[in-house]
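1. predicted coordinates and the sequence they were generated for:
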Amino acid sequence: MKKYVFKPYSKIFPELFLREKERISSRVKLLLAIEHIGSTSVPNLGGKGIIDIAIAVHRKDMESVSQQLQSLGYEFRPNWSTAERFYFITDLPDPEEGVRRYHVHLTFPENNEWKEFIEFRDYLRTHPEEAQEYAEIKRRAVIEANDEGERYRKLKEPVFEKIRHKRKNRS
């Protein structure tokens, strides 16, 4: 199975996020915020169909919350984590695909990655023409990268830089 694919946006993405947010919120303590990020958080933006979730906690609580997420079935991925952002995956039952992948990015509100996640998502939500441009780049990146993750991310990087530059010039 190819890891890097491009699927159309599904109207069930917000509902899937809300359901998982509720499950996490009901069992994990010390949370400050849970946000839907990534392609599935932007209406009409296609992508891999993975539900990306950013969770903010106080920095001192990251280890404790990491353990709580693991008790919910999230697998900690140290190779994709940093000292300031812990990364987790899980696969959950899905009404459209049978099983869907979920990613959790656990960090703290002062971390620049947290701010980037939210600002990038919000920018794409309010600039649908640029979201579609991003979708086209993602579609091409899937083909050109030929399932090479580093190449896939590198092909998308110019969009992140362009939008980061536009956001900074707006402020």
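-> The structure has been received and is ready for your questions. Please read these numbers as outputs of a predicted model, since none were measured by experiment.
2. please name the bridge partners of the residue most central in space within the chain.
-> Geometric centre of the chain, nearest residue: D52, 3.0 Å, by C-alpha atoms, centre = their mean. On the basis of DSSP bridges, D52 is bridged to I37, H103.
3. what pLDDT does it get?
-> We have a pLDDT of 98 for D52.
4. please name the residues that touch it.
-> Residues near D52 by C-beta atoms under 8 Å, 6 or more residues apart in numbering: H36, I37, G38, S39, T40, S41, Y102, H103, H105. For every residue, glycine as well, the C-beta is placed using N, CA and C.
5. export those to JSON lines and tack on neighbour count, distance to V65 and pLDDT?
-> Shown next, in JSON lines, are the contacts of D52 (neighbours: other C-beta atoms under 10 Å; distance: C-beta to C-beta, whole Å; pLDDT from 0 to 100):
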{"residue": "H36", "neighbour count": "20", "distance to V65": "18", "pLDDT": "98"}
{"residue": "I37", "neighbour count": "21", "distance to V65": "17", "pLDDT": "98"}
{"residue": "G38", "neighbour count": "23", "distance to V65": "20", "pLDDT": "96"}
{"residue": "S39", "neighbour count": "23", "distance to V65": "25", "pLDDT": "95"}
{"residue": "T40", "neighbour count": "26", "distance to V65": "22", "pLDDT": "98"}
{"residue": "S41", "neighbour count": "24", "distance to V65": "21", "pLDDT": "98"}
{"residue": "Y102", "neighbour count": "21", "distance to V65": "16", "pLDDT": "98"}
{"residue": "H103", "neighbour count": "19", "distance to V65": "15", "pLDDT": "98"}
{"residue": "H105", "neighbour count": "22", "distance to V65": "12", "pLDDT": "98"}
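6. wait, which of these is closest to K115?
-> Checking those against K115 by C-beta to C-beta gives I37 as the nearest, at 11.5 Å.
7. what bits of the protein have low per-residue confidence?
-> Along the chain, segments meeting pLDDT under 70 span 1, 171.
8. still on that earlier bit, could I get the contacts of D52 as JSON lines with distance to E116?
-> Shown next, in JSON lines, are the contacts of D52 (distance: C-beta to C-beta, whole Å):
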{"residue": "H36", "distance to E116": "15"}
{"residue": "I37", "distance to E116": "9"}
{"residue": "G38", "distance to E116": "12"}
{"residue": "S39", "distance to E116": "15"}
{"residue": "T40", "distance to E116": "17"}
{"residue": "S41", "distance to E116": "14"}
{"residue": "Y102", "distance to E116": "20"}
{"residue": "H103", "distance to E116": "15"}
{"residue": "H105", "distance to E116": "11"}
